[in-house]
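Chemist: sequence? don't have it. structure:
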């Protein structure tokens, strides 16, 4: 193999950092430019050149997607919610799953098979609906979307709209309703950029920390004490601080990476399940929200928040319905 | 389009294209020439910038040629790109005028102080 073809092969490998669409249009042209600017006896790309190509590829991959600017009747916001919420919870559960498994295995030396199977099954239950929707099985997906909410409601892990599980219950319910009222994950995949995905993953991973702090010690405290496991359960100020950081960071991330008004509407949708979950986490171990003040502390604001968001969606959908004449084309992402 | 000033490589790419349609390698060599070899544009930076600028409607493909069995694509400045370049040139000119005026006053005062 001569120097030139070896160099070309290496450049082609580096162009793998670029999206397939970009490679298809500009790949050959870029190879021509790279070879023209290469040294006469050069056999491999220089380090700076390789880093420049990687940076260029990532920049193109991470650039914001073009958005047509219409969120007629919240369709796009609901579509994003139908994909982003299950994705966020799946990442959170996977992180808790990994953390719990690691903790148990490091303390007992064995992996808890039954608990692992239940968590893996639940993870599958969360991931399945968006996957079905993306594969085009919309009717089956609608049923699958309601399954996690039904499971949490049936398992009775606590009051339905209070507590961290109440937050998850509401999140699943909202993602199911969002899917029923929108084109769902296929449209969301067009709107969400890699940056949005990074924010969604970041929120899921961030929630894992306080979740583990309030859940894990209760399950494993005797074992931790016996093995002098280094874990300090720190309720109060630390948890409140964490909840605030996650809420503010997540809100800023979603607003900045989702097109307007989808980002703001997505926050309104997320606020309903996030509120009871955040209040529960932030007040764990304190007397701020005890059983007597549960109604005022969690139920009533959640209910008011849900009513407000439902009213906004209803009003927007009604207006969109009025404004669209029978002959006008369907909204972007809307199935005819 | 960015509310802030253009980055130097972007400004130089638009300046290179202001002379007429050019292919990728031509833009790279022209940018080096314009900047007196201070800016050495690489392919990754060039194509990321061209991708962004064509998305913003500032540059467009002029024509394609096959030279020695390789695709060569020529890019041209669009009217929007010319407007963008003119606005940036004016902004830089205004800043340079202010800087020159102040430097002249500074030189005078330094000369006066030394006298």
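Modeler: Arrived safely, thanks for sending. Owing to the predicted nature of the structure, the values given are computational and were not obtained by experimental measurement. Residues are numbered from 1 along each chain as shown, chains lettered A, B, ... in the order given.

Chemist: how about the nearest residue to whatever residue of chain A ends up closest to chain B, chain neighbours excluded?
Modeler: Residue nearest to chain B within chain A: residue A:56 (3.0 Å; C-beta to the nearest C-beta). The way it works is simple: take the backbone N, C-alpha and C, and place the C-beta from them, glycine included. Closest residue to residue A:56 apart from its sequence neighbours, by C-beta to C-beta, 6 or more residues apart in numbering or on different chains: residue B:44 at 3.0 Å.

Chemist: what's the answer for residue A:261, then?
Modeler: In this structure, residue A:261 finds its nearest non-sequential neighbour in residue A:71, 5.5 Å apart by C-beta to C-beta, 6+ apart.

Chemist: doesn't residue A:264 make contact with the one you found?
Modeler: No - assessed by C-beta atoms under 8 Å, residue A:71 is found out of contact with residue A:264, at 9.8 Å.

Chemist: Mind checking the pLDDT average for the helix or strand where the residue nearest to residue A:56 lies?
Modeler: If you go by DSSP states H and E, residue B:44 is part of helix B:43-55. Summarised as a single mean, pLDDT over helix B:43-55 is 92.

Chemist: What is it packed up against?
Modeler: Applying 3 or more C-beta pairs under 8 Å, 6 or more residues apart in numbering or on different chains; DSSP states H and E, we find helix B:43-55 packed against helix A:20-37, helix A:47-62, helix B:8-18, helix B:24-34, strand B:59-67.

Chemist: What residues sit buried inside it?
Modeler: B:43-53 (16 or more other C-beta atoms under 10 Å in any protein chain shown).

Chemist: rewinding a little: make TSV out of the helices and strands packed on helix B:43-55 and add distance to residue A:182, mean neighbour count and mean pLDDT.
Modeler: TSV is the format used below for the helices and strands packed on helix B:43-55 (distance: least, C-beta to C-beta, whole Å; neighbours: other C-beta atoms under 10 Å in any protein chain shown; pLDDT from 0 to 100):
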stretch	distance to residue A:182	mean neighbour count	mean pLDDT
helix A:20-37	26	18	90
helix A:47-62	26	17	90
helix B:8-18	38	21	95
helix B:24-34	42	19	95
strand B:59-67	35	13	90
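
Chemist: Need the ones you listed in TSV (columns: distance to residue A:121).
Modeler: Shown next, in TSV, are the helices and strands packed on helix B:43-55 (distance: least, C-beta to C-beta, whole Å):
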stretch	distance to residue A:121
helix A:20-37	35
helix A:47-62	34
helix B:8-18	52
helix B:24-34	53
strand B:59-67	52
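
Chemist: among those, which is nearest residue A:273?
Modeler: helix A:47-62 (28.3 Å; C-beta to C-beta).

Chemist: pLDDT of the following helix or strand past the closest one, averaged?
Modeler: Downstream of helix A:47-62, the first helix or strand assigned by DSSP H and E is helix A:75-108. The average pLDDT for helix A:75-108 rounds to 85.

Chemist: give me phi/psi at residue A:137?
Modeler: phi -90, psi 70 (degrees, to the nearest 10).

Chemist: burial count for it?
Modeler: 14 (other C-beta atoms under 10 Å in any protein chain shown).

Chemist: same deal with the one 4 residues further on?
Modeler: Residue A:141 has 23 neighbouring residues, counting by other C-beta under 10 Å.

Chemist: do the same with residue A:129
Modeler: Residues near residue A:129, counting by other C-beta under 10 Å: 28.

Chemist: Am I right that it falls within a strand?
Modeler: No - assessed with DSSP: H, G, I helix; E, B strand; the rest coil, residue A:129 is helix; it does not lie in a strand.

Chemist: What parts of chain A come near chain B?
Modeler: Taking C-beta under 8 Å from any C-beta of the partner chain, the part of chain A that reaches chain B is made up of A:22, A:26, A:28-37, A:48-49, A:52-57, A:59-60, A:63, A:66.

Chemist: tell me the mean pLDDT for the helix or strand hosting residue A:189?
Modeler: Secondary structure from DSSP H and E places residue A:189 in helix A:185-191. Helix A:185-191 shows a mean pLDDT of 88.

Chemist: Please point out which parts of it sit buried.
Modeler: A:185-191.

Chemist: dump the residue contacts of the residue nearest to residue A:56.
Modeler: Neighbouring residues of residue B:44 by C-beta atoms under 8 Å, 6 or more residues apart in numbering or on different chains: A:49, A:52-57.

Chemist: distance of it from residue A:57?
Modeler: 7 Å (C-beta to C-beta, to the nearest Å).

Chemist: Same check on residue A:313?
Modeler: 39 Å.

Chemist: and if you look at residue B:59?
Modeler: Look at residue B:59 and residue A:57: by C-beta to C-beta, they are 20 Å apart.

Chemist: repeat for residue A:92
Modeler: From residue A:92 over to residue A:57 the distance is 30 Å, taken as C-beta to C-beta.

Chemist: got it, and residue B:81?
Modeler: Distance of residue B:81 to residue A:57, computed by C-beta to C-beta: 24 Å.

Chemist: Residue B:86 too?
Modeler: For residue B:86 relative to residue A:57 (C-beta to C-beta), the value is 31 Å.

Chemist: wouldn't residue A:125 be in contact with residue A:151 here?
Modeler: Yes - counting by C-beta under 8 Å, residue A:125 touches residue A:151, with 6.6 Å between them.

Chemist: Contact residues of chain B facing chain A?
Modeler: B:23-25, B:28, B:42-48, B:51-52, B:55, B:67, B:70-73.

Chemist: again, 6 Å this time
Modeler: Within chain B, the positions near chain A by C-beta under 6 Å from any C-beta of the partner chain are B:24-25, B:42-45, B:47-48, B:51, B:70-71, B:73.

Chemist: any idea which of these is the one closest to chain A?
Modeler: Nearest to chain A among those: residue B:44, at 3.0 Å, using C-beta to the nearest C-beta.

Chemist: quick one: average pLDDT of stretch A:308-325?
Modeler: Stretch A:308-325 shows a mean pLDDT of 75.
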